[in-house]
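>>> can you look at this prediction? I've put the sequence above it.
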Amino acid sequence: MAKASEIKNGNILRFNGDLVTVEEFIHRTPGNLRAFYQARMRNVKTGKLVEYRFRTDEEVEICRVETNDYQYLYDDADFFVVMDNRTYEQFNIPKFLFGDAARFLKEGMNVIIAFESEEPIMAQAPHSVELEITYTEPAVKGDTSTNATKLATVETGVEIRVPLFINQGDKVKVDTATGSYIERVKN
């Protein structure tokens, strides 16, 4: 156990039974009252924002979190199987930890996973991925206007909007957070 005065921004705490990450931590001394720490924290699993005032001598549990690079191997029902790049040990990571970016994962891709005492608590896909277009309608000549787009299916099975000049077989860079087209990849 540590004192509240030892908390820093970015720490992960066990707070009311849940894991939270500290986003903002400010020391306050209002007038003739006792000093306290104002904390804004985000629940790791749900993303819900929590605000709390810690007394300066209040005890808190700062969790030890290990973050490493892993290689995504394959999809297994509600889990993704990943492998540690150093020890070749495999882990089952719940899909919900990746959020919407899980749709764009393909085998062999590197991902970042955070563990707190053998339990995966956070997972992060790359910010952008290069995927091949497996199906899209051909563009009709003369059917253009400013920023015209069409639907295209990428190799992971997800449909995204791409400019009209993109054809089947082209590789495109996709933003995993928003699912939007970034650019065509040159061969």
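Cool, got the structure. Numbering: from 1, shown residues only.
>>> least trustworthy helix or strand in the chain by mean pLDDT?
Lowest on mean pLDDT, DSSP states H and E among the helices and strands of the chain sits strand 119-124, with a mean of 87.
>>> what lies in contact with that strand?
12, 19, 44-45, 65, 67, 80, 91, 93-94, 97-98, 101, 111-115 (CB atoms under 8 Å, 6 or more residues apart in numbering). C-beta here means a position set from N, CA and C on the backbone, and glycine is covered the same way.
>>> for Phe91, see how far away the residue most central in space within the chain is.
The residue lying closest to the centre of the chain (CA atoms, centre = their mean) is Gln124, at 3.6 Å. Relative to Phe91, Gln124 is positioned 15 Å away (CB to CB, to the nearest Å).
>>> kindly report the same for Gly17.
As defined by CB to CB, Gly17 lies at a distance of 24 Å from Phe91.
>>> comparing the two, which residue is more hemmed in?
A side-by-side neighbour count of Gly17 and Phe91, using other CB atoms under 10 Å, places Phe91 first with 16 against 5.
>>> can I assume the more buried one is in contact with Asp84?
Yes: under the contact definition of CB atoms under 8 Å, Phe91 touches Asp84, with a separation of 7.4 Å.
>>> quick check: neighbours shared by the two?
Tyr70.
>>> separation between the spatially closest residue to Glu66 that is not a sequence neighbour and Ile133?
In this structure, Glu66 finds its nearest non-sequential neighbour in Phe115, 5.1 Å apart by CB to CB, 6 or more residues apart in numbering. For Phe115, the distance to Ile133 equals 36 Å [CB to CB].
>>> please say which of those two ends up with more neighbours.
Set Phe115 next to Ile133 and count neighbours by other CB under 10 Å: Ile133 wins out with 19 against 16.
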